[in-house]
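In: Provided below for reference: sequence and predicted model.
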Amino acid sequence: MSETPASGKGRPTPKRKDSQRRRGGPVAPPPATRKEAAKRIRQEGADKRKAIKAGTRSGDERAMLGRDQGPVRRLVRDLVDSRRHIGVFLLPATVLPLIADLSSSRQVRALAVSIWLTAVLLTVFDMIIMGVLVRRRVRAEFPGETKTRGHVVYGVVRTAQFRRFRLPPPRVSPGDPV
C-alpha cells in the first residue's frame, strides 16, 4: 500500500557524503583582513550584477531580475513592443523649447512650447491606452492574477523607453500579433 504522506518533501534526505560530493570545487580560504573581505563582497556583487545584465541582454529568463521574470511580464513586454509609441519622442520634444529659448523670436518659442505640450498630451494619452490594454489582456489571460497595477506600470514605463535601449530586448516587432 503506497500511501503518499500529507506533508513532506516526498524524497529521502540525501546522505552527507552525497551532498558534499555535489557541492563543487575547493572552498576559498577565509579573508585575512576586513579590507580583503569587503573587496571580496564587492567583487561577488559585481560578478552577480554582470551575470544579471548579460542574462537580461540575452533574454534569458532565469538570469533576469525578478521584476522582469514570469509569463505575465513577458506578455506585457510583448504587448508594449508590438506597437509604436509616442513616448519615445518626449525626450527630443523636451529639448526643443530649450533650443528655441536661444532664439529671439517669440513665435519660434511659442511653437516649440506648443509642440512640446502636444507631445506630452499625446504621450499621456498613449500611456493611458496602453495601460488599459495591458490590464485587459492580463486579466483575460491570467485570471488568477489579482494585482495588475504593477504590470500596468511596468508596461507604461516601457512605452517611454527608446526601443533599442529596452531591457530585456524586444522579442516581437511592431505590428506583430501578440
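Out: Sure thing, it's come through.
In: point to the residue nearest the middle of this structure.
Out: Asp68 (4.3 Å; CA atoms, centre = their mean).
In: contacts for stretch 77-96, please.
Out: Contact with stretch 77-96 is made by 68, 112, 115-116, 119-120, 122-123, 125-127, 130, 133-134, 137, 155, 158-163, 166, 168, 170-178, as judged by CB atoms under 8 Å, 6 or more residues apart in numbering. Glycine gets a C-beta too; all of them are placed from N, C-alpha and C.
In: that stretch spans what distance, first to last residue?
Out: This stretch, stretch 77-96, spans 30 Å end to end (CA to CA, to the nearest Å).
In: list the buried residues for that stretch?
Out: Using 16 or more other CB atoms under 10 Å as the test for burial, stretch 77-96 gives 77-83, 85-88, 90, 93.
In: most widely separated two among those?
Out: Of all pairs drawn from the buried residues of stretch 77-96, the greatest distance, 26.9 Å, lies between Asp78 and Ala93 (CB to CB).
In: about what we covered before: between the buried residues of stretch 77-96, which sits nearest Glu141?
Out: Among the buried residues of stretch 77-96, and counting by CB to CB, the member closest to Glu141 is Leu79, at 10.3 Å.
In: check which helix or strand the closest one maps to.
Out: Leu79 belongs to helix 71-81 when elements are defined using DSSP states H and E.
In: ok now that helix, how far from the chain's centre?
Out: 10 Å (CA atoms, centre = their mean, to the nearest Å).
In: I'd like the next helix or strand past that helix.
Out: Counting by DSSP H and E, the element after helix 71-81 in chain order, helix or strand, is helix 90-100.
In: now Gly8: how far from Pro14?
Out: 15 Å (CB to CB, to the nearest Å).
In: now do Val152
Out: Separation of Val152 from Pro14 (CB to CB) stands at 44 Å.
In: comparing those two, which residue is more hemmed in?
Out: Using other CB atoms under 10 Å, the more surrounded residue of Val152 and Pro14 is Val152, with 19 against 11.
In: check what pLDDT the more buried one gets.
Out: pLDDT, Val152: 95.
In: mind listing what it touches?
Out: Applying CB under 8 Å, 6+ apart to Val152 gives the contacts 131, 134-135, 138.
In: who are the contact partners of Arg163?
Out: Neighbouring residues of Arg163 by CB under 8 Å, 6+ apart: 81, 88, 170.
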